[in-house]
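Enquirer: next one to model:
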Amino acid sequence: MHRLILSSADVARVRLFPSPTPVAETLFSLNALRGGADGAHLEPWRDRVRVGLGPWSRMLAAISPRGPHFLDLVALMGAGVDDDALLASPRARVRAELDWFARWSGRMPSVLRGLDDDLAVRRDLLASLRAYHDLAIRPEWSAVQDSFTLDRAARARDLADGGVDRLLAGLHPLIRWTGAVLDVGCPFEAETTLDGRGLDIVPSYFQRSPTLLRDGDRMLLIYPAVRTERPQPPAGLARLLGRTRATILTAIAEGVATTTTLARHAGTSAAAISQHTAILREAGLITTGRHHGTACHSLTPTATALLARAKPQGA
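Expert: Next up is the predicted model:
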């Protein structure tokens, strides 16, 4: 159990992470690749990836051995994809992560020796990560993004309706929130006081149990995204507006709000979505604003009422 102590300042800085984390998803996918009853939906992905693995995968197997422990590359590279961050990571930081990994996993794989002070070893690791990312992650990234978007939208509704208490209490059965302490069901005992640094909430496509990672000073609480099918528009609404526009309205109602995510959701281009949303705006069914330069769409009361009337009885 990893116990997080949150002050009122930490609670105020709880944040829904804005996008999936490529490095973390890569790490988690290595363990998911081994299979398991709780990941049956990934079997087609596993079959495809296993066929393409090359000699370079030996190094990746070393950083994520069977079991719950892995080398925390997020602490060394950040949550995004930044090769320079790993190459520039201070020797002491890399050494600390290697020591932690060896202590909890029970051994130090030979292919990782020298990672702390030999740039050639770091470049070998980066080359392996790039090859694996191109094989396993890039082709699956749309599914990763869809899963993240749908889960994040559900958490945003929890946060809006019930505040941080409802958000944290409903994340996962192995995460327990008591009002000042967050207990995360990890396979080791630890306690961390956040000291006002806040907490990022991150759903994961590949991870199968809650875990905690560090991204600079921030703590990332990562948990399995709830597997949710894309919401389908009511048949009557699709006949009235056309399937694409009905799909757009239904997705916005579920929290899929940006042009890019709507395009993925509807299986069309961002340019086509812009045309459809312009028509929906003219019809008084949506409004559009900008947040940090990104167009975000929301339903008008008219659209909300239309969706409610269009739902089948009992839905």
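Enquirer: can you tell me, leaving aside adjacent residues, what's nearest to Ala238?
Expert: Take Ala238 and drop its neighbours on the chain: the residue closest to it by C-beta to C-beta, 6 or more residues apart in numbering is Ala246, 4.2 Å away. C-beta coordinates here come from the backbone N, C-alpha and C atoms, glycine included.
Enquirer: correct me, but the one you found touches Ile252?
Expert: No. At 11.0 Å, Ala246 does not count as touching Ile252 under the criterion of C-beta atoms under 8 Å.
Enquirer: so the two - more neighbours on which side?
Expert: Set Ala246 next to Ile252 and count neighbours by other C-beta atoms under 10 Å: Ile252 wins out with 26 against 23.
Enquirer: find me the pLDDT at that one, would you?
Expert: Per-residue pLDDT puts Ile252 at 86.
Enquirer: that one and Thr149, how far apart?
Expert: Distance, Ile252 to Thr149, by C-beta to C-beta, to the nearest Å: 12 Å.
Enquirer: got it, and Arg34?
Expert: 27 Å.
Enquirer: out of those two, name the residue with the larger neighbour count.
Expert: Thr149 (27 against 14).
Enquirer: who's in contact with the more buried one?
Expert: 255-256, 261, 264-265 (C-beta atoms under 8 Å, 6 or more residues apart in numbering).
Enquirer: repeat that for Thr302.
Expert: 284-285 are the contacts of Thr302 under C-beta under 8 Å, 6+ apart.
Enquirer: likewise Trp100?
Expert: Contacts for Trp100 (C-beta under 8 Å, 6+ apart) come out as Asp72.
Enquirer: which strand or helix spans it?
Expert: Mapping Trp100 onto the secondary structure by DSSP states H and E places it in helix 91-105.
Enquirer: ranges for the helices of the stretch 101-250 of the chain?
Expert: Assigned helices in the stretch 101-250 of the chain, in chain order: 119-132, 141-169, 235-241, 243-253 (criterion: DSSP state H, counting those that start in this stretch).
Enquirer: most tightly surrounded among the ones you listed?
Expert: Of the helices of the stretch 101-250 of the chain, the one with the most neighbours on average (mean count of other C-beta atoms under 10 Å) is helix 243-253, at a mean of 22.
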